[in-house]
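1. Model the structure of this input:
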Amino acid sequence: MWVRAEACFFFLSCTFYYFNKFFGLAPFTYNSRAKKYFTSSPSVAYCSFLFIGTILFIPSIVYLYVISIAKNMNSLALYVGISQLIVQCSSSALIQCAAVSKAAKSVAYFNAKDTFREEINKMGLRMKEKFYFLGMIITANVLTVSKILLTFAFIVIFTHGEEFIVTFHLIIYIIPYGASTLIGCNFITEIISLRYFAVQINNQLRNSLNTVCDLPEGASKARRMATACQVSDQVDKLMILHSELMAIVAKFNDIETFILLLYYTNKFVELIMPIFFEYLMLNGIKLYTSNTPIMITGFVTSIVGLTEVTLTVACCKKLIDEMAIAGKILHNCSVYRIDERLKGSITDFSLQILHERSPFTVCGMFNVDHTLLYSMISSMTSYVILLVQFYTEGVGT
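-> Now for the predicted structure:
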């Protein structure tokens, strides 16, 4: 698989464009002839319509939830469930609103990324780690489809399979739940594609510097000088590409920063509440006609959700690490084997990396790294223990 050819994982990532269009997260359109993204009034109108519809349906979702299970739950569990629904639906609506408000920035980002991809493809290198990239993109697709199917399964169980009621619930549930799920998979896909660019830059940089370092001891001065000049030009070009990639990453972070805050808040609530309800059902509270299907669906949904959050953190960490590898490659180059011009190019590149490195942040409050995952797990554990204590002490009975 050659870089200059259209890589398979880019084709797979394009499937998310159509998912985004359906769920109201893509207020723009792609012109296949011009090969550019453009803001589109019909797309903005469609996304705005879904946003307004989500807002209007929130009371109906809460009402249907209350009348369906209120008779089997104490007030504590009922309030916990209502809080979960309100947070999830509100965050989904705000995600749709943020997508519409940042349509112009999204168009600029995708166009810049496509232009940058063309520059990378011109390098003509063999694609490295192709199975990793393909596997991660496929995993993101599977996560999205699985979560949507689990939502459908939950609705079927929740409504006892009555066709009309299932259809009605799907209409009001599928958009908010689909949007909140898709946004995480979008983030994973984009991070993977950005890391792909970083891998190719590092590969080319490593190969270029090895050309100089691997020159035989008996090579003539003229050959060394010609090789050093050629490699110096390549390093300068890679320095520009690395800077452009950092600018693209910064654009993406600017678009996603508020959306990620909503996403992680939604996931935090989505993972806590099912655990609490699993505890209630294990202690004999019958929430539905049969607890077993709900428990299985809830458990699988929690596993998928936790996997999704873990992948967002892991992929982001891999991108940041990959961006830092260029500095290590430059540092490991044998200085005594190169001339002053190439040495200057390496120094400039190294200084640029030192000044440009920046992690993904969420509204400036925390970074998307392993500390976020640890903090979420510890906080979730504390909240679940607190809810269990309230229940055992009879609060809300």
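2. elements contacting the strand or helix carrying residue 152?
-> In the assignment (DSSP states H and E), residue 152 maps to helix 130-158. Judged by 3 or more C-beta pairs under 8 Å, 6 or more residues apart in numbering; DSSP states H and E, the packing partners of helix 130-158 are helix 8-22, helix 163-213, helix 291-331. (C-beta placed from N, C-alpha, C; glycine too.)
3. gap between the following helix or strand past the second one and the chain center?
-> Using DSSP H and E, the helix or strand that directly follows helix 163-213 along the chain is helix 221-282. Centroid displacement of helix 221-282 relative to its chain, using C-alpha atoms, centre = their mean, to the nearest Å, is 10 Å.
4. returning to that earlier point: residue 342 is nearest to which of the helices and strands packed on helix 130-158?
-> helix 163-213 (6.7 Å; C-beta to C-beta).
5. where does residue 39 fall, phi/psi-wise?
-> Dihedral angles of residue 39 (phi, psi; degrees, to the nearest 10) stand at phi -70, psi 140.
6. who touches it in this structure?
-> 27, 28, 103, 104, 107 (C-beta atoms under 8 Å, 6 or more residues apart in numbering).
7. if we can go back for a sec, put together TSV for the helices and strands packed on helix 130-158, with mean neighbour count and distance to residue 144 on each row.
-> Shown next, in TSV, are the helices and strands packed on helix 130-158 (neighbours: other C-beta atoms under 10 Å; distance: least, C-beta to C-beta, whole Å):
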stretch	mean neighbour count	distance to residue 144
helix 8-22	17	7
helix 163-213	20	5
helix 291-331	18	9
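8. In JSON lines, list those helices along with distance to residue 383 and mean pLDDT.
-> Shown next, in JSON lines, are those (distance: least, C-beta to C-beta, whole Å; pLDDT from 0 to 100):
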{"stretch": "helix 8-22", "distance to residue 383": "31", "mean pLDDT": "68"}
{"stretch": "helix 163-213", "distance to residue 383": "19", "mean pLDDT": "80"}
{"stretch": "helix 291-331", "distance to residue 383": "14", "mean pLDDT": "84"}
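9. would you list those in CSV and tack on distance to residue 141?
-> Compiled in CSV, the helices and strands packed on helix 130-158 are given as follows (distance: least, C-beta to C-beta, whole Å):
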stretch, distance to residue 141
helix 8-22, 6
helix 163-213, 7
helix 291-331, 12
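10. which stretches of the protein aren't confidently modelled?
-> 1-15, 68-74, 124-130, 155, 157-172, 214-220, 284-291, 334-338, 357-359, 395-397 (pLDDT under 70).
11. quick check: angle from the helix or strand where residue 376 lies to helix 291-331?
-> Using DSSP H and E, residue 376 maps to helix 370-392. Following axes from the mean of the first three to the mean of the last three C-alpha atoms, to 10 degrees, one obtains 160 degrees for the angle between helix 370-392 and helix 291-331.
12. my guess is residue 141 meets residue 185, correct?
-> Yes - using C-beta atoms under 8 Å, residue 141 makes contact with residue 185 at a distance of 7.4 Å.
13. any common contacting residues for these two?
-> Common contact partners of residue 141 and residue 185 (C-beta under 8 Å, 6+ apart): residue 16.
14. Tabulate the CA atom coordinates of the helix holding residue 376 in PDB.
-> Presented in PDB, the C-alpha positions along helix 370-392 are these (Å, rounded to 0.1, in the frame of the first residue of the first chain):
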ATOM      1  CA  HIS A 370      -4.200   8.900  31.000                       C
ATOM      2  CA  THR A 371      -4.700  11.200  34.000                       C
ATOM      3  CA  LEU A 372      -8.100  12.000  32.600                       C
ATOM      4  CA  LEU A 373      -9.000   8.300  32.500                       C
ATOM      5  CA  TYR A 374      -7.700   7.700  36.000                       C
ATOM      6  CA  SER A 375      -9.700  10.700  37.300                       C
ATOM      7  CA  MET A 376     -12.900   9.600  35.600                       C
ATOM      8  CA  ILE A 377     -12.600   6.100  37.100                       C
ATOM      9  CA  SER A 378     -11.800   7.300  40.600                       C
ATOM     10  CA  SER A 379     -14.700   9.800  40.500                       C
ATOM     11  CA  MET A 380     -17.100   7.300  39.100                       C
ATOM     12  CA  THR A 381     -16.200   4.900  41.900                       C
ATOM     13  CA  SER A 382     -16.800   7.600  44.500                       C
ATOM     14  CA  TYR A 383     -20.200   8.600  43.100                       C
ATOM     15  CA  VAL A 384     -21.400   5.000  42.800                       C
ATOM     16  CA  ILE A 385     -20.300   4.300  46.400                       C
ATOM     17  CA  LEU A 386     -22.200   7.400  47.500                       C
ATOM     18  CA  LEU A 387     -25.400   6.400  45.700                       C
ATOM     19  CA  VAL A 388     -25.200   2.900  47.200                       C
ATOM     20  CA  GLN A 389     -24.800   4.400  50.600                       C
ATOM     21  CA  PHE A 390     -27.800   6.600  50.100                       C
ATOM     22  CA  TYR A 391     -29.800   3.600  49.000                       C
ATOM     23  CA  THR A 392     -28.800   1.400  51.900                       C
END
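15. Thank you kindly, that will do.
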